[in-house]
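Q: Fold the following and give me the result.
(chains A, B and C)
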Amino acid sequence: MSLPGAAELAGTHHLTDLHRSMDRWFSEVARVLPWRSPDCSPWGILVSEVMLQQTPVVRVLPVWEDWMERWPEPADLATQPAGEAVRHWGRLGYPRRALRLHAAAVAIVKQHGGRVPDTHASLLSLPGVGDYTAAAVAAFAFGRRETVVDTNIRRVHARLVSGLALPAPSLTASEMRLAESLMPDDVELSVRWNASVMELGALVCTARSPKCSDCPVRDSCGWLAAGEPPPTYTPKGQAWHGTDRQLRGAVMAVLRVADSPVAPELFERPAADLGFAADGAAVPLAALHRLNSAPEQLERALEGLLRDGLAEMHDGGLRLPA
DNA sequence: AACCCGTGGCT
DNA sequence: TAGCCAAGGGT
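A: Reported below is the predicted structural model:
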(Lines give C-alpha, C1' and ligand atoms only; values in the text may rest on other atoms or scores of the structure.)
Protein backbone atom coordinates (compact mmCIF):
# COMPACT_ATOMS: atom_id res chain seq x y z
CA MET A 1 0.00 0.00 0.00
CA SER A 2 1.39 3.33 -1.01
CA LEU A 3 0.23 6.81 -1.80
CA PRO A 4 -1.29 7.20 -5.24
CA GLY A 5 1.24 8.10 -7.88
CA ALA A 6 1.23 11.14 -10.05
CA ALA A 7 -0.88 9.37 -12.66
CA GLU A 8 -3.72 8.87 -10.21
CA LEU A 9 -4.35 12.48 -9.38
CA ALA A 10 -7.99 13.29 -8.97
CA GLY A 11 -9.57 15.10 -11.87
CA THR A 12 -8.42 15.08 -15.43
CA HIS A 13 -5.23 17.09 -15.32
CA HIS A 14 -2.03 15.49 -16.41
CA LEU A 15 1.11 16.24 -14.51
CA THR A 16 2.33 18.70 -17.12
CA ASP A 17 -0.96 20.59 -16.88
CA LEU A 18 -0.46 20.76 -13.15
CA HIS A 19 3.02 22.15 -13.62
CA ARG A 20 1.71 24.72 -16.10
CA SER A 21 -1.12 25.84 -13.82
CA MET A 22 1.17 26.23 -10.85
CA ASP A 23 3.80 28.08 -12.84
CA ARG A 24 1.27 30.55 -14.18
CA TRP A 25 -0.23 31.11 -10.76
CA PHE A 26 3.21 31.64 -9.23
CA SER A 27 4.19 34.24 -11.79
CA GLU A 28 0.95 36.10 -11.13
CA VAL A 29 0.70 36.13 -7.33
CA ALA A 30 4.06 35.19 -5.82
CA ARG A 31 5.23 37.56 -3.12
CA VAL A 32 8.17 39.79 -3.89
CA LEU A 33 10.77 38.78 -1.30
CA PRO A 34 14.36 40.03 -1.18
CA TRP A 35 15.82 36.52 -1.04
CA ARG A 36 13.95 35.74 -4.27
CA SER A 37 15.71 38.56 -6.10
CA PRO A 38 18.12 37.44 -8.83
CA ASP A 39 20.66 39.66 -7.08
CA CYS A 40 20.45 37.75 -3.83
CA SER A 41 23.62 35.86 -2.96
CA PRO A 42 23.68 32.20 -1.86
CA TRP A 43 24.63 33.48 1.59
CA GLY A 44 21.50 35.65 1.65
CA ILE A 45 19.42 32.67 0.66
CA LEU A 46 21.01 30.44 3.28
CA VAL A 47 20.39 33.06 5.97
CA SER A 48 16.77 33.42 4.87
CA GLU A 49 16.17 29.68 4.92
CA VAL A 50 17.51 29.31 8.45
CA MET A 51 15.57 32.34 9.68
CA LEU A 52 12.41 30.98 8.07
CA GLN A 53 12.61 27.69 9.96
CA GLN A 54 9.41 27.72 12.00
CA THR A 55 9.16 31.49 11.62
CA PRO A 56 6.74 33.50 9.43
CA VAL A 57 8.04 35.64 6.56
CA VAL A 58 6.84 38.95 7.97
CA ARG A 59 8.89 38.55 11.12
CA VAL A 60 11.99 37.46 9.21
CA LEU A 61 12.07 40.36 6.73
CA PRO A 62 13.47 43.16 8.95
CA VAL A 63 15.99 40.90 10.68
CA TRP A 64 17.20 39.50 7.37
CA GLU A 65 17.70 43.02 6.00
CA ASP A 66 19.70 43.96 9.08
CA TRP A 67 21.87 40.86 8.84
CA MET A 68 22.59 41.36 5.17
CA GLU A 69 23.64 44.93 5.72
CA ARG A 70 25.70 44.01 8.75
CA TRP A 71 27.24 40.80 7.43
CA PRO A 72 27.00 40.76 3.61
CA GLU A 73 29.25 37.70 3.36
CA PRO A 74 29.93 34.64 5.52
CA ALA A 75 33.37 35.99 6.47
CA ASP A 76 31.80 39.14 7.89
CA LEU A 77 29.83 37.10 10.38
CA ALA A 78 32.56 34.54 11.00
CA THR A 79 34.91 37.19 12.38
CA GLN A 80 32.33 38.32 14.93
CA PRO A 81 31.69 36.75 18.34
CA ALA A 82 28.89 34.21 18.25
CA GLY A 83 27.00 36.34 20.75
CA GLU A 84 26.64 39.09 18.16
CA ALA A 85 24.69 36.72 15.94
CA VAL A 86 22.43 35.89 18.87
CA ARG A 87 22.02 39.54 19.82
CA HIS A 88 21.01 40.58 16.33
CA TRP A 89 18.72 37.59 16.00
CA GLY A 90 16.37 39.73 18.05
CA ARG A 91 13.05 38.14 18.82
CA LEU A 92 12.93 35.69 15.93
CA GLY A 93 12.87 32.80 18.36
CA TYR A 94 14.86 29.57 18.59
CA PRO A 95 18.13 31.52 19.08
CA ARG A 96 20.17 28.35 18.70
CA ARG A 97 19.60 28.95 14.99
CA ALA A 98 21.69 32.13 15.25
CA LEU A 99 24.45 30.22 16.97
CA ARG A 100 24.44 27.56 14.28
CA LEU A 101 24.34 30.12 11.48
CA HIS A 102 27.43 31.68 13.00
CA ALA A 103 29.07 28.27 13.17
CA ALA A 104 28.02 27.68 9.57
CA ALA A 105 29.71 30.94 8.54
CA VAL A 106 32.89 29.84 10.27
CA ALA A 107 32.76 26.47 8.51
CA ILE A 108 32.13 28.15 5.15
CA VAL A 109 35.22 30.30 5.62
CA LYS A 110 37.46 27.53 6.90
CA GLN A 111 36.33 24.68 4.70
CA HIS A 112 34.85 26.30 1.59
CA GLY A 113 37.00 29.36 0.98
CA GLY A 114 34.28 31.71 2.21
CA ARG A 115 31.74 30.66 -0.40
CA VAL A 116 28.51 28.85 0.39
CA PRO A 117 28.91 25.26 -0.88
CA ASP A 118 26.67 24.34 -3.79
CA THR A 119 25.74 20.69 -3.28
CA HIS A 120 23.11 19.10 -1.08
CA ALA A 121 25.68 16.92 0.70
CA SER A 122 28.11 19.75 1.44
CA LEU A 123 25.30 22.04 2.60
CA LEU A 124 23.96 19.28 4.82
CA SER A 125 27.24 19.14 6.69
CA LEU A 126 26.83 22.76 7.84
CA PRO A 127 25.53 23.38 11.37
CA GLY A 128 21.81 24.13 11.44
CA VAL A 129 21.29 22.85 7.91
CA GLY A 130 19.10 19.77 7.69
CA ASP A 131 17.60 17.96 4.75
CA TYR A 132 15.04 20.64 3.96
CA THR A 133 17.42 23.61 4.14
CA ALA A 134 20.13 21.81 2.16
CA ALA A 135 17.64 21.06 -0.60
CA ALA A 136 16.18 24.57 -0.55
CA VAL A 137 19.56 26.30 -0.82
CA ALA A 138 20.78 23.90 -3.51
CA ALA A 139 17.61 24.60 -5.48
CA PHE A 140 17.00 28.30 -4.92
CA ALA A 141 20.60 29.52 -4.70
CA PHE A 142 22.23 27.15 -7.18
CA GLY A 143 19.40 26.16 -9.48
CA ARG A 144 19.59 22.47 -8.75
CA ARG A 145 16.81 19.92 -9.12
CA GLU A 146 16.19 18.98 -5.49
CA THR A 147 13.37 17.29 -3.65
CA VAL A 148 12.37 20.21 -1.46
CA VAL A 149 9.83 19.18 1.16
CA ASP A 150 8.74 21.58 3.85
CA THR A 151 5.55 21.82 5.87
CA ASN A 152 3.78 23.76 3.11
CA ILE A 153 4.69 21.29 0.39
CA ARG A 154 3.72 18.36 2.60
CA ARG A 155 0.30 19.87 3.18
CA VAL A 156 -0.30 20.63 -0.50
CA HIS A 157 0.68 17.09 -1.46
CA ALA A 158 -1.47 15.60 1.29
CA ARG A 159 -4.52 17.42 -0.02
CA LEU A 160 -3.93 17.51 -3.74
CA VAL A 161 -2.70 13.95 -4.19
CA SER A 162 -3.56 11.98 -1.07
CA GLY A 163 -6.94 13.54 -0.37
CA LEU A 164 -6.07 14.16 3.26
CA ALA A 165 -6.73 17.30 5.28
CA LEU A 166 -3.25 17.22 6.79
CA PRO A 167 -0.01 15.31 6.25
CA ALA A 168 1.22 12.71 8.73
CA PRO A 169 2.66 14.00 12.01
CA SER A 170 6.19 13.50 10.73
CA LEU A 171 7.78 13.35 7.30
CA THR A 172 7.73 9.86 5.80
CA ALA A 173 9.78 8.17 3.11
CA SER A 174 6.72 7.80 0.92
CA GLU A 175 6.15 11.54 1.05
CA MET A 176 9.67 12.07 -0.24
CA ARG A 177 9.03 9.57 -3.03
CA LEU A 178 5.79 11.29 -3.90
CA ALA A 179 7.47 14.71 -3.98
CA GLU A 180 10.14 13.33 -6.28
CA SER A 181 7.55 11.82 -8.61
CA LEU A 182 5.65 15.10 -8.90
CA MET A 183 8.64 17.25 -9.82
CA PRO A 184 9.19 18.35 -13.41
CA ASP A 185 12.14 16.62 -15.04
CA ASP A 186 13.47 19.89 -16.38
CA VAL A 187 15.88 21.46 -13.93
CA GLU A 188 14.68 25.04 -14.19
CA LEU A 189 11.04 24.02 -14.09
CA SER A 190 11.72 21.93 -11.00
CA VAL A 191 13.06 24.97 -9.18
CA ARG A 192 9.95 26.96 -10.11
CA TRP A 193 7.74 24.04 -9.12
CA ASN A 194 9.27 23.76 -5.68
CA ALA A 195 8.90 27.47 -5.09
CA SER A 196 5.34 27.57 -6.36
CA VAL A 197 4.08 24.60 -4.34
CA MET A 198 5.62 26.11 -1.25
CA GLU A 199 4.01 29.45 -2.04
CA LEU A 200 0.63 27.80 -2.61
CA GLY A 201 0.85 26.21 0.83
CA ALA A 202 1.79 29.53 2.39
CA LEU A 203 -0.85 31.69 0.69
CA VAL A 204 -3.77 29.48 -0.36
CA CYS A 205 -3.55 25.89 0.82
CA THR A 206 -3.09 26.97 4.42
CA ALA A 207 -3.41 24.73 7.45
CA ARG A 208 -6.58 26.42 8.64
CA SER A 209 -9.23 27.97 6.41
CA PRO A 210 -7.66 27.17 3.04
CA LYS A 211 -8.73 29.57 0.29
CA CYS A 212 -9.75 26.90 -2.17
CA SER A 213 -11.61 29.36 -4.39
CA ASP A 214 -8.25 30.99 -5.13
CA CYS A 215 -6.50 27.73 -5.87
CA PRO A 216 -5.14 27.22 -9.39
CA VAL A 217 -5.34 23.42 -9.09
CA ARG A 218 -8.60 22.99 -7.18
CA ASP A 219 -10.07 20.93 -10.02
CA SER A 220 -7.35 18.36 -9.41
CA CYS A 221 -7.57 18.35 -5.63
CA GLY A 222 -8.14 14.97 -4.03
CA TRP A 223 -9.21 16.49 -0.75
CA LEU A 224 -11.92 18.64 -2.38
CA ALA A 225 -13.01 15.68 -4.50
CA ALA A 226 -13.36 13.61 -1.34
CA GLY A 227 -15.66 16.23 0.20
CA GLU A 228 -13.09 17.90 2.44
CA PRO A 229 -12.76 15.12 5.02
CA PRO A 230 -11.53 16.33 8.43
CA PRO A 231 -8.06 15.48 9.78
CA THR A 232 -7.72 11.89 10.98
CA TYR A 233 -5.71 12.97 13.99
CA THR A 234 -5.36 16.04 16.18
CA PRO A 235 -1.88 17.56 16.31
CA LYS A 236 -0.63 17.93 19.85
CA GLY A 237 -0.14 21.53 20.75
CA GLN A 238 3.11 23.12 21.76
CA ALA A 239 3.04 23.87 25.48
CA TRP A 240 4.33 27.27 26.40
CA HIS A 241 3.12 28.80 29.66
CA GLY A 242 5.16 27.61 32.59
CA THR A 243 7.71 25.79 30.43
CA ASP A 244 11.48 26.00 30.53
CA ARG A 245 11.36 27.44 27.05
CA GLN A 246 9.38 30.41 28.24
CA LEU A 247 11.88 31.07 30.98
CA ARG A 248 14.87 30.62 28.68
CA GLY A 249 13.29 33.11 26.32
CA ALA A 250 12.90 35.63 29.12
CA VAL A 251 16.53 35.18 30.17
CA MET A 252 17.75 35.61 26.59
CA ALA A 253 15.70 38.79 26.26
CA VAL A 254 17.64 40.17 29.22
CA LEU A 255 21.04 39.10 27.89
CA ARG A 256 20.39 40.62 24.46
CA VAL A 257 19.97 44.12 25.88
CA ALA A 258 22.47 43.93 28.75
CA ASP A 259 25.77 45.63 28.03
CA SER A 260 27.62 43.86 30.82
CA PRO A 261 27.37 40.42 32.49
CA VAL A 262 24.19 40.01 34.52
CA ALA A 263 24.54 38.76 38.09
CA PRO A 264 22.48 35.57 38.54
CA GLU A 265 20.78 37.06 41.61
CA LEU A 266 19.16 39.61 39.34
CA PHE A 267 17.22 36.82 37.64
CA GLU A 268 15.75 35.83 40.99
CA ARG A 269 14.77 39.15 42.49
CA PRO A 270 14.23 42.72 41.34
CA ALA A 271 17.39 44.82 41.24
CA ALA A 272 15.91 47.24 43.74
CA ASP A 273 15.71 44.44 46.30
CA LEU A 274 19.38 43.80 45.82
CA GLY A 275 20.50 47.41 45.89
CA PHE A 276 21.39 47.62 42.20
CA ALA A 277 20.45 50.54 40.02
CA ALA A 278 18.21 49.61 37.13
CA ASP A 279 19.92 49.56 33.73
CA GLY A 280 18.83 48.85 30.18
CA ALA A 281 17.81 45.35 31.14
CA ALA A 282 15.24 46.53 33.67
CA VAL A 283 12.21 45.91 31.48
CA PRO A 284 13.01 42.35 30.34
CA LEU A 285 14.12 41.59 33.90
CA ALA A 286 10.74 42.69 35.18
CA ALA A 287 9.08 40.47 32.59
CA LEU A 288 11.19 37.56 33.78
CA HIS A 289 10.26 38.23 37.41
CA ARG A 290 6.60 38.31 36.47
CA LEU A 291 6.86 34.71 35.34
CA ASN A 292 7.25 33.95 39.02
CA SER A 293 9.03 30.70 38.35
CA ALA A 294 10.27 28.20 40.85
CA PRO A 295 13.97 28.62 41.72
CA GLU A 296 14.58 25.09 40.54
CA GLN A 297 13.13 25.85 37.12
CA LEU A 298 15.20 29.01 36.76
CA GLU A 299 18.31 27.03 37.56
CA ARG A 300 17.36 24.45 34.96
CA ALA A 301 16.82 27.16 32.36
CA LEU A 302 20.17 28.80 33.05
CA GLU A 303 21.96 25.46 32.93
CA GLY A 304 20.31 24.72 29.62
CA LEU A 305 21.41 28.02 28.12
CA LEU A 306 24.99 27.45 29.28
CA ARG A 307 24.98 23.91 27.96
CA ASP A 308 23.66 25.04 24.57
CA GLY A 309 26.28 27.79 24.34
CA LEU A 310 23.68 30.55 24.22
CA ALA A 311 25.18 32.12 27.31
CA GLU A 312 28.41 32.01 29.29
CA MET A 313 29.66 33.08 32.69
CA HIS A 314 32.02 36.04 32.87
CA ASP A 315 33.11 37.98 35.96
CA GLY A 316 30.46 36.20 38.00
CA GLY A 317 27.69 37.21 35.62
CA LEU A 318 25.85 35.79 32.64
CA ARG A 319 26.34 37.17 29.14
CA LEU A 320 26.02 36.25 25.47
CA PRO A 321 28.98 34.18 24.21
CA ALA A 322 31.99 36.29 23.24
C1' DA B 1 11.57 7.97 17.86
C1' DA B 2 10.07 11.27 20.86
C1' DC B 3 11.12 15.34 22.67
C1' DC B 4 13.11 19.80 23.09
C1' DC B 5 13.90 24.34 21.37
C1' DG B 6 11.08 30.92 20.98
C1' DT B 7 7.96 34.07 19.49
C1' DG B 8 3.87 36.44 18.19
C1' DG B 9 -0.15 36.73 15.03
C1' DC B 10 -4.45 34.75 14.06
C1' DT B 11 -9.05 32.65 14.92
C1' DT C 1 -9.66 33.13 24.90
C1' DA C 2 -6.78 29.45 24.49
C1' DG C 3 -4.94 26.96 21.29
C1' DC C 4 -3.09 26.60 16.65
C1' DC C 5 0.57 27.43 13.68
C1' DA C 6 4.85 28.90 11.21
C1' DA C 7 10.27 27.92 4.63
C1' DG C 8 12.99 22.47 10.92
C1' DG C 9 17.13 20.72 13.24
C1' DG C 10 19.49 18.20 16.80
C1' DT C 11 19.69 14.70 20.07
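Q: Spell out which parts of chain A neighbour DNA strand C.
A: Proximity of chain A to DNA strand C (C-beta under 7 Å from any atom of the strand) is limited to residues A:33, A:35-36, A:48-49, A:52-57, A:93-94, A:100, A:127-134, A:136, A:150-152, A:155, A:198-199, A:201-202, A:206-208, A:234-238, A:240. The way it works is simple: take the backbone N, C-alpha and C, and place the C-beta from them, glycine included.
Q: give me that answer again for 6 Å
A: A:33, A:48-49, A:52-56, A:94, A:127-133, A:150-152, A:198, A:201-202, A:207-208, A:235, A:237-238 (C-beta under 6 Å from any atom of the strand).
Q: and A:Ala195, how many neighbours does it have?
A: For A:Ala195, the count of nearby residues is 19 (other C-beta atoms under 10 Å).
Q: How much space separates it from DNA strand B?
A: A:Ala195 sits 22 Å away from DNA strand B, taking C-beta to the nearest atom of the strand, to the nearest Å as the criterion.
Q: what sits against that residue?
A: A:Phe26, A:Ala30, A:Arg36, A:Phe140 (C-beta atoms under 8 Å, 6 or more residues apart in numbering).
Q: for A:Leu171, same thing?
A: A:Val149, A:Arg154.
Q: Looks to me like it is in a strand.
A: No - per DSSP: H, G, I helix; E, B strand; the rest coil, A:Leu171 lies outside any strand segment and is coil.
Q: Now do it, the pLDDT please.
A: Looking at A:Leu171, its pLDDT reads 95.
Q: Just the residues of chain A next to DNA strand C: which are in helices?
A: Using DSSP state H, the subset of those located in helices is A:Ser48, A:Glu49, A:Asp131, A:Tyr132, A:Thr133, A:Thr151, A:Asn152, A:Met198, A:Gly201, A:Ala202.
Q: Report the two of those residues separated the most.
A: Maximum pairwise distance among these (C-beta to C-beta): 19.5 Å, between A:Asp131 and A:Ala202.
Q: So which of these two has more stuff around it?
A: Each of A:Asp131 and A:Ala202 has its neighbours counted (other C-beta under 10 Å); A:Ala202 has more, 19 against 16.
Q: what about the residue of the stretch 151-300 of chain A found nearest DNA strand B, how many residues close to it?
A: Closest to DNA strand B within the stretch 151-300 of chain A is A:Gly249: 1.8 Å, counting by C-beta to the nearest atom of the strand. Using other C-beta under 10 Å, the number of residues around A:Gly249 comes to 20.
Q: Spatially nearest residue to it, not counting backbone neighbours?
A: Leaving aside its sequence neighbours, A:Gly249 sits nearest to A:Gly93 (C-beta to C-beta, 6 or more residues apart in numbering; 7.7 Å).
Q: The one you found touches A:Leu52, doesn't it?
A: No - in this structure, A:Gly93 is not within contact of A:Leu52 by C-beta atoms under 8 Å, at 11.5 Å.
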